[in-house]
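Visitor: no sequence on this one, just coordinates:
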């Protein structure tokens, strides 16, 4: 897993700030990996894993959470007996109906730091802008840059021909899955 240093450095500066951190980008550009790197950063800072709640709404584990009421029930049951700041990381949150209402209330009801991911169009619609206007910072994520692609091959200890790699990059782009 390559560290997305450019994005991680932006996020690290925002840890423990009041704003909701909204990570957007095209599918398969690495948003989920970035959330997991944020979790690593929090754990490296000594945050208890109990205080870090990560939910991927693409997982069948959370398929019963369909709306804000379901989400609230789950979050409040998980956080009821926790002490200290709670870190909420929601991957593909747009799959939960009225999620904006819940996130806005968590900012009031919990001592928390919130991170969410989703596609640009679904997350930054009018509803989000209205309910949490002025309360979020958006970070738009892109696929690998050519520099990151070279870093990936270096970390994998694979010998590469940079010219050939650049030609592939021009043809296929920098999607990490490729």
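Guide: Alright, I've got the coordinates. This structure is a prediction, so every number in the text was calculated from the model and none was measured.
Visitor: Name the helix or strand of this protein that has the lowest mean pLDDT.
Guide: helix 126-131 (a mean of 58; mean pLDDT, DSSP states H and E).
Visitor: For residue 76, which residues are in contact?
Guide: Listed by Cβ atoms under 8 Å, 6 or more residues apart in numbering, the contact set of residue 76 is empty. Glycine gets a C-beta too; all of them are placed from N, C-alpha and C.
Visitor: quick one: buried residues of the helix or strand it falls within?
Guide: Element membership of residue 76, judged by DSSP states H and E, is helix 68-79. Judged by neighbour count (16 or more other Cβ atoms under 10 Å), helix 68-79 contains these buried residues: 68, 70, 71, 72, 74, 75, 79.
Visitor: Please apply the same query to stretch 18-29.
Guide: Neighbour counts over stretch 18-29 (16+ other Cβ under 10 Å) mark 20, 21, 22, 23, 24, 25, 29 as buried.
Visitor: Residues contacting whichever helix in the chain runs longest, please?
Guide: Assignment by DSSP state H gives helix 31-44 as the longest helix of the chain. Contact partners of helix 31-44, identified using Cβ under 8 Å, 6+ apart, comprise 1, 3-4, 7-8, 11-12, 15, 23-25, 49, 52, 54, 56, 87, 89, 91, 115, 117-118, 141, 176.
Visitor: before we move on, the earlier item: let me know the closest of the buried residues of helix 68-79 to residue 169.
Guide: Residue 169 has its nearest neighbour among the buried residues of helix 68-79 in residue 71, at 39.3 Å by Cβ to Cβ.
Visitor: ok, the closest one - contacts?
Guide: Neighbours of residue 71 in contact, by Cβ under 8 Å, 6+ apart: 65, 96, 99, 102.
Visitor: Include pLDDT when you put these into a markdown table, please.
Guide: Below are these laid out as a markdown table (pLDDT from 0 to 100):
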| residue | pLDDT |
| --- | --- |
| 65 | 97 |
| 96 | 92 |
| 99 | 90 |
| 102 | 93 |
